[in-house]
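**Q** Any chance you can model this:
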Amino acid sequence: EVGGIQFPAAPFAGWYQGSEVASRDFLDPQRYNLLEPLGISMGLDMSSNTTLWKDEVALELNRAVLDSYQRAGVSMVDHFTQADQFMEHLAEETKERGGCPADWVWIVPPQSGSLTSTFHQEMVNYHLSPSYEYQDK
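**A** Next comes the predicted model:
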């Protein structure tokens, strides 16, 4: 939406990070749901959550995704770098415009979230115009 006019198509305005592909796309139950099959393939002790087998699967899959993109010559950012980049962006936007709308759920990565610079950052999710909006299919 720009100036009250609705445009039915727009260029893609985002990018993927490694943990979004590995932890969300491949491991989420409602997506590829590969957590248990990979744990079995890796020969991990899956008898209890306390073995942290799920963490091991997620970490190794994240490494594999980043490595596969790098070998293919395709840019893919890791979740720590992305978090630091966002914090720089947030600081610049706050300095220039007095704030920056952000949705914590989408900014903090699904892997090692509390270890990233974005985890303890308060965020306010508000609407600006012009903007990209979801559309009914």
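
**Q** mind listing the strands for this structure?
**A** Ranges of strands in the chain, per DSSP state E: none exist.

**Q** Quick one: the helices in it, in order.
**A** 18-19, 35-41, 53-71, 79-97, 104-107 (DSSP state H).

**Q** wait, doesn't residue 58 sit right on residue 22?
**A** Yes: the pair residue 58 / residue 22 is scored as a contact, 6.8 Å apart, by C-beta atoms under 8 Å. C-betas here are computed from N, CA, C, even on glycine.

**Q** shared neighbours of those two, which are they?
**A** Counting by C-beta atoms under 8 Å, 6 or more residues apart in numbering, the common neighbours of residue 58 and residue 22 are residue 111.

**Q** So if I had to pick from these two, which one is more boxed in?
**A** residue 22 (25 against 21; other C-beta atoms under 10 Å).

**Q** give the contact list for the more buried one.
**A** Contacts of residue 22 (C-beta under 8 Å, 6+ apart): 58, 61-62, 64-65, 111.

**Q** how much space between the residue nearest in space to the middle of the chain and residue 49?
**A** The centroid of the chain falls nearest to residue 20 when counting by C-alpha atoms, centre = their mean (4.1 Å). Noted for residue 20: a distance of 23 Å to residue 49, by C-beta to C-beta, to the nearest Å.

**Q** now swap in residue 35 and tell me
**A** Residue 35 is 12 Å from residue 49, by C-beta to C-beta.

**Q** neighbour-wise, which of those two wins?
**A** Using other C-beta under 10 Å as the criterion, residue 35 and residue 49 rank with residue 35 on top: 19 against 9.

**Q** can I assume the residue nearest to the centre of the chain is in contact with residue 109?
**A** Yes: here residue 20 reaches residue 109: they are 7.3 Å apart, a contact under C-beta under 8 Å.

**Q** any residues in contact with both of these two?
**A** With C-beta under 8 Å, 6+ apart, residue 20 and residue 109 have no common neighbours.

**Q** per-residue confidence for the closest residue to residue 126 other than its chain neighbours?
**A** Spatial nearest neighbour of residue 126, excluding adjacent residues (C-beta to C-beta, 6 or more residues apart in numbering): residue 101 at 4.7 Å. In this model, residue 101 is scored at 95, pLDDT.

**Q** Cheers, nothing more for now.
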